[in-house]
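Asks: following is a predicted model, sequence given first.
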Amino acid sequence: MKINIDQVKIIDLPKIEDQRGNLSFLESNKHIPFQIKRSYWIYDVPGGHERGGHAFKVQNEFIVALSGSFDVLVDDGEYKRTYSLNRSYYGLHIPSGFWREMNNFSTNSLALVLSSTLFTEDDYIRDYESFKNYQRR
Ligand code: TYD
């Protein structure tokens, strides 16, 4: 299926404000449009380093900046967009098939990634030219 950059969306999450501190949450298939099979998080990224230069064939994901800030570049093979994530009450939904990179990590940033699949290296497209060819099929 041909992907389109407009399918990548910021999703606002519930935010329960309280004098004792705020609380946000999400549920599979309710606040995000897929069932969560795996969670991972990226932290202690040294200044200037990048993560995630790849695409996934099947994996849907939802990325939240639980702490600090970072940028997510998304590319559908034709158009690119960069999203700055810096609050824990919203995140970025990236359906399968998009190239994505993460950079500009602030000190002490914590990126939570919720995934629709279990880990398998077979789902990765790690080379940009292969990604372009995959889009052209
Ligand atoms: P990778 O997804 O390439 O990291 P990033 O996209 O942030 O640059 O994963 C880095 C390494 O960790 C790679 O060897 C695969 C391994 N890994 C797992 O074993 N399980 C997982 O759930 C993830 C996300 C990665």
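Replies: Nice, I can see it.
Asks: how close does Tyr128 sit to Val58?
Replies: From Tyr128 over to Val58 the distance is 19 Å, taken as CB to CB, to the nearest Å. All C-beta atoms are positioned from the backbone trio N, CA, C, and that covers glycine.
Asks: those two: who's more crowded?
Replies: A direct count of neighbours by other CB atoms under 10 Å for Tyr128 and Val58 places Tyr128 higher, at 15 against 12.
Asks: could you check how far the more buried one is from Gly77?
Replies: Taking CB to CB, one finds Tyr128 at 10 Å from Gly77.
Asks: overlap in contacts of these two?
Replies: Trp99 (CB atoms under 8 Å, 6 or more residues apart in numbering).
Asks: tell me which parts of the protein are close to the ligand?
Replies: 38, 40, 42, 51-52, 54, 119 (CB under 6 Å from any ligand atom).
Asks: repeat that with 8 Å
Replies: Counting by CB under 8 Å from any ligand atom, the residues of the chain close to the ligand are 38, 40, 42, 50-54, 102, 113, 115, 118-119, 121, 124, 126.
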